[in-house]
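>>> Just need the structure, nothing else, for what follows:
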Amino acid sequence: MMRLLQKITSSAIGLSLLTIPGVSAKIDSNHDELKRALNDVGVEFYLNDTELCDGNKSGMYTPEYNAIMICQDDRIETSDQEVEWTENDYDTLRHESQHVVQDCMEGIDNSKMSLFFSDEIEYLEFVIMGLTKSEFFQIVEAYRPLGDDVLLNELEAFAVAKGVKPDTIAKAIRGVCGN
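As a prediction, the model looks like this:
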């Protein structure tokens, strides 16, 4: 893992701001399909928990409870009611859904997560091409203290959220997490 992190860091330093051309996750009904896929594999979905959504996070996936929490940008602090979704809310849903895929790679409900990309080169290309240098280094700074495995999973999830359409993530969930 450390060798992979060193490759990613050295590759990112030499790259200009890059994104995957022509790929963007639009705000559309495909997010409803993503929510259905999560439900189909037994992932509980929650919005705007007044205790967990304390302004410090956009969302979270908790493998121990097989649950996703989305803290919507425009939520009412004293209510868990759904409000109109923002592009960032959808981005968070895609990000947390990738963590479900990562959990299923090792067998769901065991609190172990694994990268979707098992090939180091594919992983490296996907992350580097999917994130700008600025995004990459912000993620590294925020997650490095949590350990290399967490950092690698977060980099993958941020790149997926940014560049993979929700219906594609839904297919991955059904493919990797389905019985």
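>>> so how far is stretch 75-89 off the chain centroid?
Mean-position distance between stretch 75-89 and its chain equals 19 Å (Cα atoms, centre = their mean, to the nearest Å).
>>> which residues are contacting that stretch?
Residues outside stretch 75-89 that contact it (Cβ atoms under 8 Å, 6 or more residues apart in numbering): 27, 31, 46-50, 53, 58, 70, 72-74. C-beta here means a position set from N, CA and C on the backbone, and glycine is covered the same way.
>>> Give me the buried entries from those.
31, 46-48, 53, 58, 70, 72 (16 or more other Cβ atoms under 10 Å).
>>> got the end-to-end distance for stretch 82-93?
End-to-end span of stretch 82-93 (Cα to Cα, to the nearest Å): 14 Å.
>>> Let me fix that, I meant to ask about stretch 104-114.
Start-to-end, stretch 104-114 (Cα to Cα) is 8 Å.
>>> Helices - which of the buried ones among the contacts of stretch 75-89 land there?
Assigned to helices by DSSP state H, the following of the buried ones among the contacts of stretch 75-89 qualify: residue 31.
>>> Which single one of the buried ones among the contacts of stretch 75-89 is nearest to residue 157?
Distance to residue 157 across those (Cβ to Cβ) is lowest for residue 58, with 11.8 Å.
>>> Leaving out the residues flanking it, which one is nearest to the closest one?
In space, residue 58 comes closest to residue 92 once its chain neighbours are excluded; the distance is 4.3 Å by Cβ to Cβ, 6 or more residues apart in numbering.
>>> residue contacts, the one you found?
58-59, 70-71, 161.
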